[in-house]
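K.L.:
With the input below, show me the fold.
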Amino acid sequence: MHKSVSIALMCVFIICLLTACYDGREIDEWAYVYTIGVDKGVSNVLRFTFQIPSLKRDGGGGGSSGGTESQSAGHFTIISLDAPTFHSGVDMAETSFSRKLNYMHANYLLISEELAREGVERFINGMIRSRQIRHSMYIIIVRGKASDYIEEFNPVLTGAISKAQDGFMKISNKDDGLTISTNYHNFISDLKTAYRTPVVPLTAINDFSNYEASGAPPEIFKSEGDYYAGELPRSGGNKFEFFGTALFEGDKMVGALNGDETRAMLMVRGEFNRGSIAMTDPKDKKLRITINASQQKKPGIKATFIEGKPVINVKIFLEGNIQNTQSSTEYESVKLKPVLENAFREYVKGILDRTISKCKNLNVDAFGFGEKVVMHFLTIQEWEKYNWLGRFKDTEVTTEVKFIIRRTGTMLKTNPIQHSNGEK
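P.N.:
The predicted structure is shown next:
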């Protein structure tokens, strides 16, 4: 009798497990969000913007040629609404769709600079409670309104927006160093840690107003990295650009680094890959030289205490190739090669010192120096009591740059230009 009852109960239990996904949804019942924007609200606390591919089929003929899902420009639905929280905003947005919003594929979380300067804690912590929010989602600060930015976010050269989003972060961070990439996990971790402060890439819409069709170039040297997002003197291409870094103190944005300063920060953090760096010709200040520099090895950072005051010594190791010279000076020669190397060292050191000084004035340890200073404390209680993030502004930081030219490109020797009057 007991055996029969046990078998019956087991059959009932197994049947319950075979009921499939009773609460599951088909793929065409979801609306997948690719980009999430957050601004200050007007009718409510926050304004959320969702960019959703419409997934309409191109062409009307059916068959294989007409069955491709399109993600090209104009095939996106964008909805903005004011709501008290993120998840309530999702529910409010769904009232105007025949599908349920799914944001497990959201790749960008765009936060307006205005909101970031007031603080992001009130919405950034709650979002991660959802299992659909990926820790790999990029956090980006928008100069201007995030809703306006998303309206213009239709990348050229590709129709796959998700692939383009990854490409912007990887290329900018690894191939030029003019901005960084920060995902949700790293941002939240840096908000909670006592060793460093969060840093986030900057982006903006470029209205091309800085591009002058005619006129004389400035006599004063201006580097390729002496800009912030939205300021590049260019025309054509995407209206948006990623350039520079937003600096946080706690959950509030307190300042920004331009492209040059972002490279310097990455060098100190050991995250600089490579970049083409232009500088003035040491023999002729009117001319320019471009060095393709890369980080030879991780920086040497030592932290000590002198009379109770933290002192940090930073040593940067770089190597590079001569990419371009505007003069006929033979910098490939044994005699002049050290001249160019010394000039480049001083140029990079100047940017490093300026960047560190800016961060100290803002009391922002964007370099992670706290990870070295903490080694001088025996217990975590002593470290927390010391309050490193509050003392960073009083820290003395010295820098040294080691640099060597590895290659001179495809030219072994620069010959002078010959003139008809015999001059060279």
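
K.L.:
use CA for all of it now, contacts and neighbours both
P.N.:
Fine.

K.L.:
dump the residue contacts of M267.
P.N.:
Residues near M267 by C-alpha atoms under 8 Å, 6 or more residues apart in numbering: Q295, P299, I316.

K.L.:
swap that for F123, please
P.N.:
For F123, the contact set (C-alpha under 8 Å, 6+ apart) comprises T85, F86.

K.L.:
Domain parsing of the protein, as residue ranges.
P.N.:
Per automatic domain parsing, the domain ranges recorded for the chain read 25-257, 270-424.

K.L.:
So what's the gap between the longest one and the chain middle?
P.N.:
Averaging C-alpha positions (C-alpha atoms, centre = their mean, to the nearest Å) puts domain 25-257 11 Å from its chain's average.

K.L.:
ranges for the helices of this protein?
P.N.:
Listed in chain order, the helices of the chain (DSSP state H) span residues 2-17, 86-94, 113-118, 121-127, 146-152, 161-171, 184-192, 259-269, 337-362, 370-373, 380-386, 388-391.

K.L.:
winner for burial among the ones you listed?
P.N.:
Most buried of these, by mean neighbour count (mean count of other C-alpha atoms under 10 Å): helix 259-269, with a mean of 25.

K.L.:
between that one and helix 337-362, how many degrees?
P.N.:
90 degrees (axes from the mean of the first three to the mean of the last three C-alpha atoms, to 10 degrees).

K.L.:
where does helix 259-269 sit relative to the chain's centre, distance-wise?
P.N.:
Mean-position distance between helix 259-269 and its chain equals 12 Å (C-alpha atoms, centre = their mean).

K.L.:
same question for it, mean pLDDT?
P.N.:
For helix 259-269, the mean per-residue pLDDT is 96.

K.L.:
returning to what we had before: so which of the helices of the chain gets nearest Y103?
P.N.:
For the helices of the chain, proximity to Y103 was assessed by C-alpha to C-alpha; helix 86-94 is nearest, at 9.5 Å.

K.L.:
can you list the residues that contact the closest one?
P.N.:
Residues outside helix 86-94 that contact it (C-alpha under 8 Å, 6+ apart): F48, I79, L81, D82, A83, K100, L101, F123, G126, M127.

K.L.:
any idea which of those has the most stuff around it?
P.N.:
Neighbour counts for these, by other C-alpha atoms under 10 Å, peak at F48, which reaches 25 neighbours.

K.L.:
With adjacent residues omitted, what lies nearest to that residue?
P.N.:
Distances taken as C-alpha to C-alpha, 6 or more residues apart in numbering place V38 nearest to F48, at 4.8 Å, with adjacent residues excluded.

K.L.:
now, of the domains of the chain, which is deepest in the fold?
P.N.:
Mean neighbour count (mean count of other C-alpha under 10 Å) peaks for domain 25-257 among those, with a mean of 18.

K.L.:
the longest strand in the chain is where?
P.N.:
As assigned by DSSP state E, the longest strand anywhere in the chain is strand 284-306.

K.L.:
So which elements touch it?
P.N.:
Strand 284-306 sits against helix 259-269, strand 274-281, strand 309-325, helix 370-373, with contacts defined as 3 or more C-alpha pairs under 8 Å, 6 or more residues apart in numbering; DSSP states H and E.

K.L.:
That one pairs with which strands, parallel or anti?
P.N.:
strand 274-281 (antiparallel), strand 309-325 (antiparallel) (DSSP bridges).

K.L.:
So what touches the shortest one?
P.N.:
With C-alpha under 8 Å, 6+ apart as the contact definition, strand 274-281 has outside contacts at 174-177, 221, 223-224, 286-295, 323, 325, 344, 347.

K.L.:
With the longest one instead?
P.N.:
Residues outside strand 309-325 that contact it (C-alpha under 8 Å, 6+ apart): 267-268, 276, 281, 288-305, 369, 373, 394-409.

K.L.:
show me where pLDDT drops low in this structure?
P.N.:
Applying pLDDT under 70 to the chain flags residues 1-2, 5, 12, 14-28, 55-74, 158-159, 171-174, 411-413, 415-424.

K.L.:
repeat that for 80
P.N.:
For the chain, residues meeting the criterion pLDDT under 80 lie at 1-30, 54-75, 126, 128-129, 157-163, 170-175, 216-219, 408-424.

K.L.:
returning to what we had before: distance to Y211 for the helices of the chain - can I get that in TSV?
P.N.:
Conversion of these to TSV gives the following (distance: least, C-alpha to C-alpha, whole Å):
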stretch	distance to Y211
helix 2-17	65
helix 86-94	38
helix 113-118	24
helix 121-127	37
helix 146-152	19
helix 161-171	22
helix 184-192	34
helix 259-269	18
helix 337-362	26
helix 370-373	42
helix 380-386	49
helix 388-391	40
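
K.L.:
so which of those gets nearest W30?
P.N.:
Closest approach to W30 among the helices of the chain (C-alpha to C-alpha): helix 86-94, 10.5 Å.

K.L.:
Determine which of the helices of the chain approaches N107 most closely.
P.N.:
Short answer: helix 161-171, nearest of the helices of the chain by C-alpha to C-alpha, at 7.0 Å.

K.L.:
who does the closest one touch, helix- and strand-wise?
P.N.:
So helix 161-171, by 3+ C-alpha pairs under 8 Å, 6+ apart, packs with no helix or strand.
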